[in-house]
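>>> show me how the following folds:
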Amino acid sequence: MGVHKGDESELLFGKYDPAKFIGEIQWHPVVDKLFWSLKLDDIKYNGVPLNICKGRAGGCMMTPDSGTSLLTTPSWALSMLEGVLPQEENCNNKHKFGSLTFVIDGIDYDVPSHHFMDFYKDVYEVGD
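So this is what the prediction gives:
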């Protein structure tokens, strides 16, 4: 099942079905086999580079993970992201917060805000 009701998704390892794919496949070398980690060049927010990997000994790695619905990050990177990402109480329009872009081997992968923002209802305020 996909993110939206009625959407379908599929995860395959080692091959893909060309009938279910449009465009060009991008292959990336695995740099750490324990977690299938890839080299992360940088993260952008709304197209602006955060230089999150700049000056880091050994660079950065990221792990594409189909087993969690959350983005996780080391505490040093979280501190950088908290200063950039919006922290709002009124999240009625979950599409208005732009996008995070993961740059892997020079290729941009955009994640729109409605896929990375956490939305919840304050049950104490609304009484549900």
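
>>> ok, Thr101 - how many residues close by?
20 (other C-beta atoms under 10 Å). Where you see a C-beta, it was placed from the backbone N, CA and C, and this is true even at glycine.

>>> out of everything not next to it in sequence, what's closest to it?
Lys44 (3.9 Å; C-beta to C-beta, 6 or more residues apart in numbering).

>>> where's the one you found, which helix or strand?
strand 38-45 (DSSP states H and E).

>>> let me see the mean pLDDT of the longest helix seen in the chain.
The residue-count maximum for a helix in the chain (DSSP state H) belongs to helix 75-82. Average pLDDT, helix 75-82: 82.

>>> who does it touch, helix- and strand-wise?
Judged by 3 or more C-beta pairs under 8 Å, 6 or more residues apart in numbering; DSSP states H and E, helix 75-82 is in contact with no other helix or strand.

>>> quick one on the thing from earlier: the residue nearest to Thr101 and Tyr109 touch, don't they?
No - with contact defined as C-beta atoms under 8 Å, Lys44 and Tyr109 do not form a contacting pair (10.1 Å).

>>> what sits in contact with each of those two?
Common neighbours of Lys44 and Tyr109, using C-beta atoms under 8 Å, 6 or more residues apart in numbering, are Thr101, Val103.

>>> more crowded one of those two?
Comparing Lys44 with Tyr109 by other C-beta under 10 Å, the one with more neighbours is Lys44, at 20 against 13.

>>> give me the distance between that one and Thr73.
15 Å (C-beta to C-beta, to the nearest Å).
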